[in-house]
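Visitor: need coordinates for the following:
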Amino acid sequence: MSENILCVKNIKKSFGGVHALKGVDLTIKKGETHCLAGENGCGKSTIIKVISGFYKPDEGTIEIDGKEYTNMSTADAIAAGIQVIYQDFSIFPNLTVMENLAFNQVLAEKKKFVNKREFRKIAEDAVKKINFDVDLDARVETLPVADKQLIAISRALLHNAKLIIMDEPTTALTKKEVTRLFGIIEELKKEGITILFVSHKLDEVFEISDSITILRSGQNVYKCPAKEMTEEKFTYYMTGRNIDITDVREVKDFSKSEKVLEVKNLSAKGFESVSFDLHAGEILGIAGQLGSGRTELSLALFGMLKPTNGSISVSGETVHLKNVAEAQKHGIALVPEDRLTEGLFLPQSIYKNISVTSLEEIQGAFGVVKEAAQKELSAHWVKEIGVATKDHTLPVQTLSGGNQQKVVLARWLATHPKILILNGPTVGVDIGAKYDIHKLLRELAKGGMAVLVVSDDVAEITALCDRALIMKAGRMTGEFKGEELTDDNLYKSTI
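Guide: Just a heads-up that it's a prediction; the model follows:
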C-alpha cells in the first residue's frame, strides 16, 4: 500500500487558451493535514476540481491510494474516498438537516422508496461521527454558518471519506468557530482521515498544517513541512514579492482633529444606545462577533436601517439618513460585508461597476451618461488603486476576490466621501490584496478621510486601526487604544 493518499503529477489544464494549471504536482501523505495555499487565481480551485473528477486534465496523472486513474469521473473520485467541501457547502437550505445528510446516500444506493425512520437513522449515524449536536428537523437555512459546515463534514464521512478537501473553510467563521473546526480536524486525523486544507490565511495555515504546498500562476513554487515554513517565506512565495507584515502602528491623538462623525445613543433593530465619535484622518475599528450588532450599525450609518432612537451628526450637522442617497449626499460611503451579493453586478463590466455611483456627476446634457465618461472615470480608479486587469470592459466576475473588492472600493472612492465605512474589508481576499487594501486605507486616512472598519477579524483591527470599540449583544461595551489595542484584549472582549 502507498504511504500517500494522493499523488498528482504534471497536471495541466487550459480554458480557451488560458493556462490555469501549468504542470502542477501535489503529493499528500495519509493521515496528515496538508495545506494548499496560493493567492486568488493561482489554480487552487482548478486543481481541486481535477482531483474530484469535475475537470478532466489536459495532461498529467492522478493516483489515489496507490491506484492510477485515467479519465476519472466524480463518481470514481467519491468511490475512491475523495470528498470536497466547497465554500458554499453545497447543501440545500430549504431542506432539514436530516434530509441533507441522508439524501445523497439514498440516491447513491438508487433506492426508489425510503421512509423517515431510515432518513433519521442515516442522519444520526452521520452527526455521531463528529459528536455534532444539532436538531435534525431544523431547516438548514435557519442555522449559523458553522453548523452548515459541520453538516457538510458529517455528510462527507457517510461516504467513507479517506481524503476530505476543505476549500477556504474558515472564510465566514468566527475565531471561536475556527477553533471548534480545528478540533474536529484533529479528531478526523486520529481516525486516519486525511485533510487537504485550502487557504491563504497565514495564521490558520501555521496552526493546523503538517505540510504546505504553495501555488502561484498555475505552478508549484514551494513545498515543505509546516515546521520549516516562516511567515516571511510564506508571504513571499504566495505573492512573489517581499511584504512587510510587521508594520508598527503609530499611536496618534485625533482629539484635536475635526469630529467628522458623532453618534449619540443610536438604536435600531440589532443594537441600542450606541455612542461614539470618529475624527478626520482616524481609522476606527468596531470589533464584534456575528450577532453583536456591528453589521446593523454600519447599515444604520448608511441609511439602510432606520434608527428608532438617537442621533447622527456629520461635521457638526445633525443628519437624518432616510436612505442611501441621503447618506451619499452627506459624504458617507459603505463597502458592504458580502461583495458578491451586496456590492457588485457580477455579469456587468468593471467600468460600469465602478461608475454606477457617479452617474449624476458624469452625466452630460439632458442627463445623458456617455459610455466614454464612464470608461474615463473607471480607468482613473483602476490605475489609482491597482485593480489587476488588462481590460476594464470585462465582466467584474472575471476578477479575483481581492480585485473585486478593489472595484467596490473604487466605486465609493469615486464619490469622494468624507466617511468611508468598511464591513469586513478583506474577507476572502489573499495576503497580497489584503496588504494593498490596508496600505490604501492608511493613505486615505493620511489625506484626511475618516475610516470606520467593522469586523470580527481582531488581527485586522489591531493591524490597521488607531482605536477600537467593542460591540457585544447589541451594545458598545469597551474601547482600546495605544498599547492596550492587542489581539488578545480584543478577542477576550468580543467572546
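
Visitor: the stretch 151-300 of the chain: strands as residue ranges?
Guide: Along the stretch 151-300 of the chain, counting by DSSP state E, counting those that start in this stretch, strands occupy 163-167, 194-199, 211-216, 219-225, 259-268, 271-279, 283-287.

Visitor: cool, and the stretch 1-150 of the chain?
Guide: 4-15, 18-29, 33-37, 59-64, 67-69, 82-85.

Visitor: gap between the first one and the chain center?
Guide: Distance, stretch centre to chain centre, for strand 4-15: 26 Å (C-alpha atoms, centre = their mean, to the nearest Å).

Visitor: circling back: pick the most deeply packed of the strands of the stretch 151-300 of the chain.
Guide: strand 283-287 (a mean of 26; mean count of other C-beta atoms under 10 Å). The way it works is simple: take the backbone N, C-alpha and C, and place the C-beta from them, glycine included.

Visitor: give me the residues contacting that one.
Guide: Outside strand 283-287, the residues within contact range by C-beta atoms under 8 Å, 6 or more residues apart in numbering are 276, 278, 294, 297-298, 441-442, 445, 450-456, 458, 461, 464-471, 490, 493-494.

Visitor: from those residues, which land in helices?
Guide: Counted as lying in helices by DSSP state H, out of those, are 294, 297-298, 441-442, 445, 458, 461, 464, 490, 493-494.

Visitor: helix or strand with the lowest mean pLDDT in the protein?
Guide: In the chain, no helix or strand scores lower on mean pLDDT, DSSP states H and E than helix 97-108, which sits at a mean of 80.

Visitor: then it to PDB, C-alphas only?
Guide: Coordinates of each C-alpha in helix 97-108 appear next as PDB, following Å, rounded to 0.1, in the frame of the first residue of the first chain:
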ATOM      1  CA  VAL A  97     -30.600  18.700   8.500                       C
ATOM      2  CA  MET A  98     -31.800  15.100   8.300                       C
ATOM      3  CA  GLU A  99     -32.800  15.400   4.600                       C
ATOM      4  CA  ASN A 100     -29.500  17.000   3.700                       C
ATOM      5  CA  LEU A 101     -27.500  14.300   5.400                       C
ATOM      6  CA  ALA A 102     -29.500  11.300   4.100                       C
ATOM      7  CA  PHE A 103     -30.300  12.500   0.600                       C
ATOM      8  CA  ASN A 104     -27.000  11.700  -1.200                       C
ATOM      9  CA  GLN A 105     -26.700   8.200   0.300                       C
ATOM     10  CA  VAL A 106     -30.200   7.300  -0.700                       C
ATOM     11  CA  LEU A 107     -29.600   8.500  -4.200                       C
ATOM     12  CA  ALA A 108     -26.200   6.600  -4.400                       C
END
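
Visitor: name the residues of it that are buried.
Guide: Buried positions in helix 97-108, judged by neighbour count with 16 or more other C-beta atoms under 10 Å: 97-106.

Visitor: ok, so of those, who is nearest His416?
Guide: Asn100 (47.3 Å; C-beta to C-beta).

Visitor: who are the contact partners of the closest one?
Guide: By C-beta under 8 Å, 6+ apart, the contact set of Asn100 is 91-92, 140, 151, 155.

Visitor: do you know the pLDDT at the residue nearest in space to the middle of the chain?
Guide: Closest to where the C-alpha atoms of the chain average out (C-alpha atoms, centre = their mean) is Gly428, at 2.4 Å. For Gly428, the pLDDT comes out at 75.
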